[in-house]
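Trainee: 3D model of this:
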Amino acid sequence: MKIFCIGRNYALHAQELNNEIPEKPLVFMKPPTALLKGDKPFYYPEFSKNIHFEGELVVRICKNGKHIQEKFAKNYYDQVTLGLDLTARDLQNELKSKGHPWEIAKGFDGSAVIGSFVPLAGDLSDISFTIRKNNEIVQNGYCQDMLFSIDYLIHYISQFFMLQTGDLIYTGTPAGVGPIEIGDVFEGFLQEKRLFRTQIK
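Mentor: Residues are numbered from 1 along each chain as shown. As a prediction, this is how the structure comes out:
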C-alpha cells in the first residue's frame with residue numbers, strides 16, 4: 001500500500017506559505033507507518049516544536065492501473081474520506097533551505113491521520129469539507145478549487161507508479177493550515193458527516 005500526497009494543490013494555500021503555484025502536481029509519499037486510524041490520538045513527538053495540520057480529501061484506489069488516461073480515472077477510485085497531513089514545519093524549512101529531502105518532516109509515524117471511508121456518490125467536484133479545531137472551523141475545502149483535479153492526479157501519478165488497490169491519495173490542503181498544540185481536538189466533516197476525530201496528546 002502506497003500513500004501519495006499532493007503539495008500546493010490549492011492556490012490560496014500555496015500563497016499563505018509564500019510558495020510558488022506549481023505547473024505540475026507536486027507529489028511526495030509517506031510510508032504505511034504514517035497512517036493514524038480509528039480516531040486514535042496523536043502524540044506530539046520530541047523532534048519538532050512546530051507541527052502543522054493540513055486537512056485533505058483522501059481517495060482510495062480500487063483497482064490496479066498504470067498509464068491511466070484522465071477520462072478513465074473515475075474507474076479507479078470508489079471511496080473517499082478526510083485526513084490530516086501533519087508536517088513538522090521547523091524540520092521541513094530547515095531541510096528545504098539546504099536543498100535536502102524532507103521526508104522526515106512529512107512521513108514520520110502518525111503523520112497521516114485517516115478517517116472512515118464512505119462510498120463515492122456523485123461528482124467529486126461538488127464535494128466540500130471542513131476541518132474543525134476545538135469545535136471551530138479552521139479550513140473549508142471545495143474540490144472545484146483544486147489546481148489539479150483528482151482524475152488528473154490519478155493520470156499523472158500513474159505515469160510514474162503503478163497504482164494498486166488500497167493505495168491512498170491525499171489530494172492537497174486548502175488555506176487555513178496552522179500549528180497543533182497538546183490538548184487540541186481535530187475533526188473532519190465531509191458535508192455534514194464526521195469522518196475523523198483525533199486529539200493531540
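
Trainee: Please pull up the helix or strand immediately following the lowest-mean-pLDDT helix or strand in the chain.
Mentor: Lowest on mean pLDDT, DSSP states H and E among the helices and strands of the chain sits helix 11-16, with a mean of 69. Note on helix 11-16: by DSSP states H and E, the next helix or strand toward the C-terminus is strand 26-30.

Trainee: The next helix or strand after that next one - contacts with which helices or strands?
Mentor: On the C-terminal side of strand 26-30, the closest following helix or strand by DSSP H and E is strand 35-36. For strand 35-36, the contact count by 3 or more C-beta pairs under 8 Å, 6 or more residues apart in numbering; DSSP states H and E identifies strand 112-114 as packing neighbours. (C-beta placed from N, C-alpha, C; glycine too.)

Trainee: partners of the strand it packs on, with directions?
Mentor: Note on strand 112-114: by DSSP bridges, its sheet partners are strand 35-36 (parallel), strand 77-85 (antiparallel).

Trainee: residues in contact with it?
Mentor: 3, 5, 30, 34-37, 42, 58, 81, 83-86, 168, 170, 186, 196, 198 (C-beta atoms under 8 Å, 6 or more residues apart in numbering).

Trainee: Repeat that for stretch 37-54.
Mentor: So stretch 37-54 is contacted by 13, 36, 84-91, 104-105, 108-110, 113-114, 131, 133, 138, 173, 177-180, 182, 186, 196-201 (C-beta under 8 Å, 6+ apart).

Trainee: How many residues are close by residue 138?
Mentor: Applying other C-beta atoms under 10 Å, we find 16 other residues in the vicinity of residue 138.

Trainee: Okay, buried residues for whichever strand or helix holds it please.
Mentor: Assigned by DSSP H and E, residue 138 belongs to strand 136-142. Neighbour-count burial for strand 136-142, counted by 16 or more other C-beta atoms under 10 Å, picks out 138, 139, 141.

Trainee: who are the neighbours of the helix or strand harbouring residue 153, in terms of helices and strands?
Mentor: Using DSSP H and E, the element containing residue 153 is helix 150-157. Applying 3+ C-beta pairs under 8 Å, 6+ apart, one finds that helix 150-157 contacts strand 55-61, strand 168-170.

Trainee: I'd like to know which of those lies nearest to residue 190.
Mentor: strand 55-61 (7.8 Å; C-beta to C-beta).

Trainee: and the direction of that closest one versus that of strand 77-85, what angle?
Mentor: Relative orientation of strand 55-61 versus strand 77-85 (axes from the mean of the first three to the mean of the last three C-alpha atoms, to 10 degrees): 150 degrees.

Trainee: What is strand 55-61 packed up against?
Mentor: By 3+ C-beta pairs under 8 Å, 6+ apart, strand 55-61 packs against strand 77-85, strand 128-133, strand 136-142, helix 150-157, strand 168-170, strand 185-190.

Trainee: And the helix or strand just after the longest one, what does it pack against?
Mentor: Following strand 77-85 in sequence order, the next helix or strand is strand 87-88 (DSSP H and E). If you count contacts as 3+ C-beta pairs under 8 Å, 6+ apart, strand 87-88 packs onto strand 51-53, helix 103-106.
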